[in-house]
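Participant: Need the 3D shape of this:
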Amino acid sequence: MRLAIGANPWIWHAPVDEDAIAETVPKLAGWGFDAIELPLESPGDWLPANVAGLLKRHELAPAAVVAVMTPGRDLVRADPKTVRATQDYLLHCVDAAQATEAPVVAGPVYTAVGRTWRMTPAERAAAYEEWREYLAPVVEQAIAAGVRLAVEPLNRYETSLLNTVGQTLKALEGLPPEGIGVALDTYHQNIEEHSLPGAVRQAAGRIVHVQVCANDRGTPGMDHLDWPGFLRALPEAGYTGPLCIESFTAHNDSIAVAASVWRSLADTQDAIATGGLAFLRQAATAA
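Facilitator: As a prediction, the model looks like this:
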């Protein structure tokens with residue numbers, strides 16, 4: 001089976017507004033991509049109806065709306081006002097996904113990226129319980145909208161709550177699988193898991209979305225990752241969705257600092273997308 005391949009406008013732009021999407025969509029379609037991720041940093045950055053029409057004109061599928069957990073977006077160890085505002089933001093992401101016909105809202109939908117604290121096992125269990133309680137209304141709305149949430153574990157430098165697939169599956173216990181699952185990102189799994197194929201196998205049946213990049217966040221394939229094992233494991237684990245290249249530009253103050261991108265990751269940003277597309281097509285066929 002041919003895996004669809006997508007890319008994220010963050011390769012070139014941040015923030016991603018309607019102009020950025022309008023520039024990126026025809027470029028990706030012309031190169032032969034199948035799909036695009038749609039980061040939604042703030043409600044109103046782009047209008048779902050306009051984006052949906054643009055995607056249809058260029059025959060590019062919406063792979064996912066990507067939730068962006070900026071400082072102050074928290075569902076754990078947060079005051080009631082912050083929790084409510086975070087829920088409202090995530091509900092807006094669900095609405096945007098439904099309006100654009102994206103099947104998924106993906107991201108670290110638990111705390112702000114970069115927020116870390118130490119926890120005992122008991123404190124961690126309590127944090128997971130609190131997160132489930134506050135996320136439950138969003139999951140309920142996602143199911144009603146025909147959308148699934150994809151929870152992304154991040155590396156230890158970006159969060160202390162969910163770093164591994166195992167932790168994520170534990171945190172998901174009790175939430176309805178038809179509304180929520182796991183998002184895998186090769187950058188984070190390369191840091192936190194014993195092996196990429198092992199992480200995929202552990203998440204079998206619960207994988208909702210997959211993001212890919214090299215171990216340094218650059219071009220997939222220009223690295224030391226076990227791509228054959230990873231790509232073989234995905235269909236064996238029941239995943240049939242797209243592989244979406246997520247990388248970032250060093251030439252934007254906000255995104256460079258948030259993603260710790262201090263240098264260019266390829267000769268050009270276009271090369272990250274085109275080189276990654278060519279590699280993934282070949283590697284997926286071989287696998």
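
Participant: just checking, residue 12 touches residue 269?
Facilitator: Yes - between residue 12 and residue 269 there is a contact at 5.1 Å, judged by C-beta atoms under 8 Å. To be clear about C-beta, it is placed using only N, CA and C from the backbone, and glycine gets the same treatment.

Participant: Between these two, which contacts overlap?
Facilitator: The contact sets of residue 12 and residue 269 overlap at residue 249 (C-beta atoms under 8 Å, 6 or more residues apart in numbering).

Participant: When those two are compared, which one has more neighbours?
Facilitator: Using other C-beta atoms under 10 Å, the more surrounded residue of residue 12 and residue 269 is residue 12, with 22 against 19.

Participant: For the more buried one, give me the pLDDT.
Facilitator: What the model reports as pLDDT for residue 12 is 94.

Participant: Return the distance of it relative to residue 24.
Facilitator: 7 Å (C-beta to C-beta, to the nearest Å).

Participant: longest helix anywhere in the chain?
Facilitator: With DSSP state H setting the assignment, residue counts place helix 121-145 as the longest helix in the chain.

Participant: Show me the helices in the stretch 1-150 of the chain, by range?
Facilitator: 18-31, 48-58, 80-100, 121-145 (DSSP state H, counting those that start in this stretch).

Participant: Indicate which one of these is closest to residue 186.
Facilitator: Closest to residue 186 of the helices of the stretch 1-150 of the chain is helix 18-31 (C-beta to C-beta; 19.6 Å).

Participant: got the CA positions of that closest one in PDB?
Facilitator: Provided in PDB are the C-alpha atoms of helix 18-31 (Å, rounded to 0.1, in the frame of the first residue of the first chain):
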ATOM      1  CA  GLU A  18      -3.600  32.300   5.400                       C
ATOM      2  CA  ASP A  19      -1.000  33.900   3.100                       C
ATOM      3  CA  ALA A  20       1.600  31.300   4.200                       C
ATOM      4  CA  ILE A  21      -0.900  28.500   3.500                       C
ATOM      5  CA  ALA A  22      -1.800  30.000   0.100                       C
ATOM      6  CA  GLU A  23       1.900  30.100  -0.800                       C
ATOM      7  CA  THR A  24       2.700  26.600   0.500                       C
ATOM      8  CA  VAL A  25      -0.300  24.600  -0.900                       C
ATOM      9  CA  PRO A  26       0.500  25.000  -4.700                       C
ATOM     10  CA  LYS A  27       4.200  24.400  -4.000                       C
ATOM     11  CA  LEU A  28       3.500  21.100  -2.300                       C
ATOM     12  CA  ALA A  29       0.900  20.000  -4.900                       C
ATOM     13  CA  GLY A  30       3.300  20.800  -7.700                       C
ATOM     14  CA  TRP A  31       6.100  18.700  -6.100                       C
END
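
Participant: low pLDDT regions in the stretch 1-150 of the chain?
Facilitator: The model of the stretch 1-150 of the chain has pLDDT under 70 over residues 1.

Participant: Helices of the stretch 151-287 of the chain, residue ranges please.
Facilitator: For the stretch 151-287 of the chain, the helices defined by DSSP H, counting those that start in this stretch occupy 165-172, 186-192, 196-202, 227-236, 253-259, 269-286.

Participant: quick one, which of those is nearest to residue 180?
Facilitator: helix 165-172 (6.2 Å).

Participant: now the closest one: mean pLDDT?
Facilitator: In this model, helix 165-172 has a mean pLDDT of 98.

Participant: what do you get for stretch 277-287?
Facilitator: Averaging pLDDT along stretch 277-287 yields 93.

Participant: What pLDDT does the model give residue 254?
Facilitator: 67.

Participant: I should have written residue 265 there, sorry.
Facilitator: pLDDT, residue 265: 77.

Participant: ok so, going back, pick the most deeply packed of the helices of the stretch 1-150 of the chain.
Facilitator: Per residue and on average, the most neighbours among these fall to helix 80-100, with a mean of 19 (mean count of other C-beta atoms under 10 Å).

Participant: For that one, enumerate the helices and strands it packs against.
Facilitator: strand 35-40, helix 48-58, strand 61-67, strand 104-107, helix 121-145 (3 or more C-beta pairs under 8 Å, 6 or more residues apart in numbering; DSSP states H and E).

Participant: can you redo those as CSV with distance to residue 219?
Facilitator: Converted to CSV, those look like this (distance: least, C-beta to C-beta, whole Å):
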stretch, distance to residue 219
strand 35-40, 17
helix 48-58, 23
strand 61-67, 19
strand 104-107, 21
helix 121-145, 32
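
Participant: which stretch among these comes nearest residue 237?
Facilitator: strand 104-107 (16.3 Å).
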